[in-house]
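Trainee: pasting the sequence and the predicted model now:
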Amino acid sequence: MQKITPFLWFDTQAEEAANFYTSVFKNSRVVSITRYSSAGPGPEGSVMSAIFELEGMTFYALNGGPMYKFNPAISLFIDCKSQEEIDELWDKLTADGGKPNRCGWLVDKFGVSWQVVPSQLGQLLGDKDPQRAGRVGAALMKMDKLIIKDLQDAYDGK
């Protein structure tokens, strides 16, 4: 088991979320589902937690009730190798009630924030030439879903 595991608190959707996320990412699986016993606090037999893996990383999801909600202060960052990967993940994660946001961020239907980002973005933004990096930053601020070609064009001054 990895040393640090993201722990996601859901109201009642832990199993649904685990199934959804494992359908979005190719190398993924639901590891286990745990149900409440008669000791509660949830209804006996209802899902208490789900453990799942996405691209080799383990996540723990708990049905803990409505006391806590997700917010963008914590997000899951996805390093994408191509525009096709960005498009596919963006479309899947914004489906069924997800909402796009600026700069490659989105909130999925469960309220979890994600960043869908091309691998080369850090290099483009970190260029030693402040003009190039600035153009990329300005282009980035105008986008919801990130478009690699548009970021590269901004870098190249096109």
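Mentor: That came through fine.

Trainee: make it CA atoms for all contacts and neighbour counts henceforth
Mentor: Fine.

Trainee: tell me, please, where in this protein the pLDDT is lower than the cut-off.
Mentor: Low-confidence segments of the chain, defined by pLDDT under 70: 1.

Trainee: those strands in it, which residues are they?
Mentor: Using DSSP state E, the strands of the chain run over 7-10, 28-35, 47-54, 57-63, 75-80, 99-100, 105-107, 113-118.

Trainee: what's the distance between Ser38 and Phe77?
Mentor: Counting by Cα to Cα, to the nearest Å, the gap between Ser38 and Phe77 amounts to 38 Å.

Trainee: so between the two, which is more surrounded?
Mentor: The residue with more neighbours, out of Ser38 and Phe77, is Phe77; 13 against 10, by other Cα atoms under 10 Å.

Trainee: ok, the more buried one touching Pro118?
Mentor: No. Look at Phe77 against Pro118 with Cα atoms under 8 Å: they stay out of range, at 10.3 Å.

Trainee: skip the chain neighbours and tell me the closest residue to the residue nearest the centre of the chain.
Mentor: Central residue of the chain (Cα atoms, centre = their mean): Trp114, 3.1 Å from the mean position. For Trp114, ignoring the flanking residues on the chain, the nearest one in space by Cα to Cα, 6 or more residues apart in numbering is Leu76 at 4.6 Å.

Trainee: residue contacts, the one you found?
Mentor: Residues counted as contacts of Leu76 (Cα atoms under 8 Å, 6 or more residues apart in numbering) are 113-115.

Trainee: of the residues you listed, which is the nearest to Ile86?
Mentor: Gln115 (10.0 Å; Cα to Cα).

Trainee: who does the closest one bridge with?
Mentor: Applying DSSP bridges to Gln115 yields these beta-bridge partners: Phe77, Trp105.

Trainee: mind checking how far it is from Glu15?
Mentor: 22 Å.
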